[in-house]
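Peer 1: A structural model of the following input is requested.
(one chain, ligands or ions: 2)
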Amino acid sequence: MPNTAVKYLHVVAAVIRDAAGNILLAQRPAHKHQGGKWEFPGGKVESGEIPLHALSRELDEELGIQLQQAQPLIKIRYVYSELAVLLDVWEVTAFSGIAHGREGQPVTWFSAEQLPALEFPPANYPIITAARLPVRCLITPEPQDPADFLQQLAVRLQAGIRLVVFRAKSLAADDYVALAGEVISLAHGFGAKVILNSPPLMLAQADGLHLTSTQLWGEKGVFPRREGQWLSASCHDERELQRAADIGVDFAFLSPVLPTLSHPGAAHLGWESFAALVENVNFPVYALGGMTPDHVVNARQHGGQGTAAIRSVWSSV
Ligand SMILES: Nc1nc2c([nH]c(=O)n2[C@H]2C[C@H](O)[C@@H](COP(=O)(O)OP(=O)(O)OP(=O)(O)O)O2)c(=O)[nH]1
Ligand SMILES: [Mg+2]
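Peer 2: Ligands and ions are numbered 1, 2, ... in the order given. Here you go, the predicted model:
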């Protein structure tokens, strides 16, 4: 939760991508705060400036490029001993000019997967997660026939899904592990990531572990993960998001944002409450519940990472 007694310095920063998906980073000058570390280019918002103008000005001043298109990606509040920052991070998808370090700073394009190995200011960890996560996430429906399930999954991967939460509550442990192994190798062949949903049945090849909102309240730190594996969680309200923050999740799903087919009359958050809840956490949050592909735009406008869905992205359900 943001500390309301703290005055946060508003900083805009950019995740700038080229056509191949590489991300442009700059090295902070040695004499500056967090000097020598890699950063997402950007700087302080000046008084009276709107964030997008500040971003456009900073990218021109620091890199000599002209901003053409950007969407909000994530906002992070972080308290350093010297100062507190609100990092207002935008994803830049179109610009003109050739990026170069106009202030003499080294600038380099990296693949998203190279980012975790680089040294950034400590506030940046969630930006790296947000930069590596896609806008759409598929949560699998309960598998019936494994061969049919894998075929359906391949169709969705072919259509561009790059993050899969493999959810299979009905399978016995052995069957879950066997199918999870196949899901992971299929997905990895497409460059997609797989999060498993059945602790403590964790596989080394999986990209992460997902907790239900009930599992969130288990003992802290007992989740079987290797270094580099993400931890994600399902949340429904502020209390669960706060708990997710306390146990150090990398990202979360917040639901139900809209009415769902399975619970048409049930209470739902709506986009404004979604935005208010997401504003107060420092990790990426997917909107879940009643999502169709068109809702990606709404999710981004309301501070979300994107959308997660079961039915709307699984043709046979
Ligand atoms: N640009 C940027 N700043 C970051 C990142 N992570 C992070 O903690 N910060 C902090 C470091 C600084 O305290 C602050 C940004 O200030 P800055 O030094 O870039 O500001 P500026 O470009 O306006 O520079 P100046 O006018 O002070 O020379 O935010 C990041 O990824 N990018
Ligand atoms: Mg700067």
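Peer 1: What residues are bridge-paired with the residue in the chain that ligand 1 sits nearest to?
Peer 2: Nearest residue of the chain to ligand 1 (C-beta to the nearest ligand atom) works out as G43 at 2.3 Å. Any C-beta I mention is one placed from the backbone N, CA and C, and that applies to glycine too. When bridges are called by DSSP bridges, G43 pairs up with V12.
Peer 1: From S56, how far off is it?
Peer 2: As for G43, its distance to S56 is 12 Å (criterion: C-beta to C-beta, to the nearest Å).
Peer 1: One more: L269?
Peer 2: In terms of C-beta to C-beta, L269 sits 33 Å off from S56.
Peer 1: Show me which of those two is the more surrounded one.
Peer 2: Set L269 next to S56 and count neighbours by other C-beta atoms under 10 Å: S56 wins out with 22 against 19.
Peer 1: Would you mind listing the residues in contact with the residue nearest to the more buried one when sequence neighbours are not counted?
Peer 2: What sits nearest to S56 in space, not counting adjacent residues and going by C-beta to C-beta, 6 or more residues apart in numbering, is L67, at 4.2 Å. By C-beta atoms under 8 Å, 6 or more residues apart in numbering, the residues touching L67 are 52, 55-56, 59-60, 92, 95.
Peer 1: buried subset of the residues you listed?
Peer 2: 55-56, 59, 92, 95 (16 or more other C-beta atoms under 10 Å).
Peer 1: can I get those residues in TSV with distance to Y176, pLDDT and secondary structure?
Peer 2: As requested, the buried ones among the contacts of L67 are exported to TSV (distance: C-beta to C-beta, whole Å; pLDDT from 0 to 100; DSSP: H, G, I helix; E, B strand; the rest coil):
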residue	distance to Y176	pLDDT	secondary structure
L55	45	98	helix
S56	49	98	helix
L59	47	98	helix
V92	40	96	strand
F95	45	96	strand
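Peer 1: Of those, just say which sits nearest to G228.
Peer 2: Using C-beta to C-beta, V92 comes nearest to G228 of the buried ones among the contacts of L67, at 26.6 Å.
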